[in-house]
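Colleague: build me a structure from this.
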Amino acid sequence: MSIVTNLNLITTAKPSAISPVLQRRTKMLAKVQEQLDMCEAKRNQVPFTPKRLKTVVNKATGERTTVETIKRVKEWFWLSTETGKINLAIKYGAKTLKLNKKGANAIEITNGTELIGTLHKLKEAVIAGEFDDAISEASDATRKAFKK
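Modeller: This next block holds a predicted model:
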């Protein structure tokens, strides 16, 4: 029992739910990481095939089974036809986030290496909470669309 007495013991309760801001930030962070993994795979010329678990019901027997399937991931970036540079839009769900008060919705990048670096910076910005206002605005717009 001498080991337990040397530990720093406290009385606390585990929180039952995390805040909506933290949930959105975590979701956004996962999507940025997905885009980063896709870019790394393209640079290394390796196929990018993220997996997800899907529950499927067998129509003949009615039995439910869990199957691993390939997840479809849309690219947030594209090659601009006018400038020949890469444009990167940050998305939350299906909504493109506004990046400043003027309404800019994309980042212009010169090459693939800079794209990966920019995604790393975006990841840090999401962790720091810089996109919280834009994410909550997009989330509120989605919520309002369902209330019609």
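Colleague: find the residue at the geometric middle of this structure.
Modeller: In the chain, the centroid-proximal residue (C-alpha atoms, centre = their mean) is residue 31; its distance is 1.8 Å.
Colleague: do I have it right that that one meets residue 97?
Modeller: No. With contact defined as C-beta atoms under 8 Å, residue 31 does not reach residue 97; the gap is 11.0 Å. C-beta coordinates here come from the backbone N, C-alpha and C atoms, glycine included.
Colleague: helices of this protein, start to end?
Modeller: Here the chain has its helices, by DSSP state H, at 2-5, 20-43, 112-128, 132-146.
Colleague: among those helices, which is nearest residue 78?
Modeller: Nearest to residue 78, of all the helices of the chain, is helix 112-128, at 11.1 Å by C-beta to C-beta.
Colleague: in that closest one, which residues are buried?
Modeller: The neighbour-count check on helix 112-128 (16 or more other C-beta atoms under 10 Å) flags 115, 116, 118, 119, 122, 123, 126 as buried.
Colleague: quick check, nearest of the residues you listed to residue 62?
Modeller: residue 126 (42.3 Å).
Colleague: show me what contacts the closest one?
Modeller: For residue 126, the contacting residues are 25, 28, 29, 32, by C-beta atoms under 8 Å, 6 or more residues apart in numbering.
Colleague: surely residue 70 meets residue 51?
Modeller: Yes. In this structure, residue 70 is within contact of residue 51 by C-beta under 8 Å, at 6.4 Å.
Colleague: what ranges of this protein fall below the confidence cut-off?
Modeller: Low-confidence regions of the chain, defined by pLDDT under 70, span residues 1, 148.
Colleague: if you set the cut-off to 90 instead, what comes out?
Modeller: Low-confidence segments of the chain, defined by pLDDT under 90: 1-21, 80-84, 93-95, 98-105, 112, 133-134, 136-148.
Colleague: still on that earlier bit, quick check: the farthest pair among the contacts of residue 126?
Modeller: So, those by C-beta to C-beta: farthest apart are 25 and 32, at 10.5 Å.
Colleague: ok, those two, which is more surrounded?
Modeller: residue 32 (23 against 19; other C-beta atoms under 10 Å).
Colleague: tell me who's in contact with the more buried one.
Modeller: By C-beta under 8 Å, 6+ apart, residue 32 lies in contact with 90, 119, 122, 123, 126.
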